[in-house]
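S.K.: Task: produce atomic coordinates for the following.
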Amino acid sequence: MHQTRVAPLRVRNVVIFGESGAGKSSVINALAQNQVAATSSSAAGCTFRYQKHEVELPGERFVLFDTVGLDEGTAGTVPAAEAEANLKSLLRELMSPGSNGIGLLV
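M.R.: Residues are numbered from 1 along each chain as shown. Here you go, the predicted structure:
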């Protein structure tokens, strides 16, 4: 009997970034077809550090990264400089050797 090996699905990293209140978490929930990311009706951010959400769509596996909102200013939940530093750190981590890289930036 001949066995056929099925290659494991490649995980694709998708980083979603943008201004606070732009709907990044809502996009993740729509893609996941489930409430996996916390959302808020406020313009103030509800994501304080990037969150990873593993999602499998027909024939594909993704890790969706919900990032801290940018451009909140000094009155925001996460200062703009800290939000930018967090995003840059995540991008460097995903581009490091041994990582799957970045499949898509949205």
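S.K.: Residue 85 - how many residues pack around it?
M.R.: 13 (other C-beta atoms under 10 Å). Where you see a C-beta, it was placed from the backbone N, CA and C, and this is true even at glycine.
S.K.: Next, give phi and psi for residue 90.
M.R.: The phi and psi values for residue 90, taken as degrees, to the nearest 10, are phi -60, psi -50.
S.K.: list the contacts for the closest residue to it other than its chain neighbours?
M.R.: Distances taken as C-beta to C-beta, 6 or more residues apart in numbering place residue 50 nearest to residue 90, at 5.3 Å, with adjacent residues excluded. Residue 50 sits next to 65-68, 86-87, 90 when contact means C-beta atoms under 8 Å, 6 or more residues apart in numbering.
S.K.: Next one: residue 50 from residue 102, what distance?
M.R.: Per C-beta to C-beta, to the nearest Å, residue 50 is found 13 Å from residue 102.
S.K.: ok, now residue 40?
M.R.: In terms of C-beta to C-beta, residue 40 sits 26 Å off from residue 102.
S.K.: doesn't residue 84 make contact with residue 69?
M.R.: No - counting by C-beta atoms under 8 Å, residue 69 sits too far from residue 84 to count as a contact (11.0 Å).
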